[in-house]
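S.K.: Got a predicted structure plus its sequence, pasted below:
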Amino acid sequence: MPSLAAFVALVLTAFSAPALAGPPSCLQFEPAVSSIHGKLERRTYPGPPNYEDIGQGDEAETHWYVRLAEPICVDGKPGDEFNGQDVAGVRLIQLVLLHDEYKTHARLVGKQVKATGSLFTWLTGHHRTPVLLRVTRLERSTR
């Protein structure tokens, strides 16, 4: 028969294990490779010259975004001029597609996807979310 001390230790371990795990860790900025999961959305915003109103002559800019089911955070890289700050509460990430993915992956819009690539912070007026993903792989997700 186990001792009372062994029983108490077992119970304490069982109840404290989730607390010791802590919150999920944050993702990392480039050059680290990360994968995100969520719904692929297509959005259009006003672009040049004024970035204010398509109806008033601004160019329409359409990009793809992943809407995350749960917010994520990204750890800043100290000393990095562009990616130096931590970013928390990210729910929407703009995708930067480098080839013909807009054509070859159009069937994924509105679906759950897994997007893999390198995260970076917004730099220009064409960037619409605080964190963007330079995509190396985009696929349907089973999540």
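M.R.: Happy to help now that I have it. Computed from a prediction, not measured in an experiment: that's the story for all the values here.
S.K.: hey, let's count contacts and neighbours off CA atoms from now on
M.R.: OK.
S.K.: and the helix or strand harbouring residue 95, what other elements does it pack with?
M.R.: Using DSSP states H and E, residue 95 sits in strand 87-96. Counting contacts by 3 or more CA pairs under 8 Å, 6 or more residues apart in numbering; DSSP states H and E, strand 87-96 is packed against strand 60-75, strand 131-140.
S.K.: want to throw these into CSV with mean pLDDT?
M.R.: Output for those, formatted as CSV (pLDDT from 0 to 100):
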stretch, mean pLDDT
strand 60-75, 95
strand 131-140, 96
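S.K.: most packed of those strands?
M.R.: strand 131-140 (a mean of 19; mean count of other CA atoms under 10 Å).
S.K.: Quickly run through the sheet partners of it, with directions.
M.R.: strand 87-96 (parallel), strand 112-121 (antiparallel) (DSSP bridges).
S.K.: Mean neighbour count, those strands: which tops it?
M.R.: Between those, strand 112-121 has the highest mean count of neighbours, a mean of 21, where neighbours are mean count of other CA under 10 Å.
S.K.: how about that strand as PDB, C-alpha atoms only?
M.R.: Extracted C-alpha coordinates of strand 112-121, given in PDB (Å, rounded to 0.1, in the frame of the first residue of the first chain):
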ATOM      1  CA  GLN A 112      -9.200  27.000 -43.400                       C
ATOM      2  CA  VAL A 113      -5.500  27.100 -44.400                       C
ATOM      3  CA  LYS A 114      -2.000  26.600 -43.100                       C
ATOM      4  CA  ALA A 115       0.400  29.300 -44.200                       C
ATOM      5  CA  THR A 116       4.100  28.800 -43.700                       C
ATOM      6  CA  GLY A 117       6.900  31.400 -44.000                       C
ATOM      7  CA  SER A 118       8.700  34.200 -42.300                       C
ATOM      8  CA  LEU A 119       7.000  36.800 -40.100                       C
ATOM      9  CA  PHE A 120       7.900  40.500 -40.300                       C
ATOM     10  CA  THR A 121       6.400  43.900 -39.200                       C
END
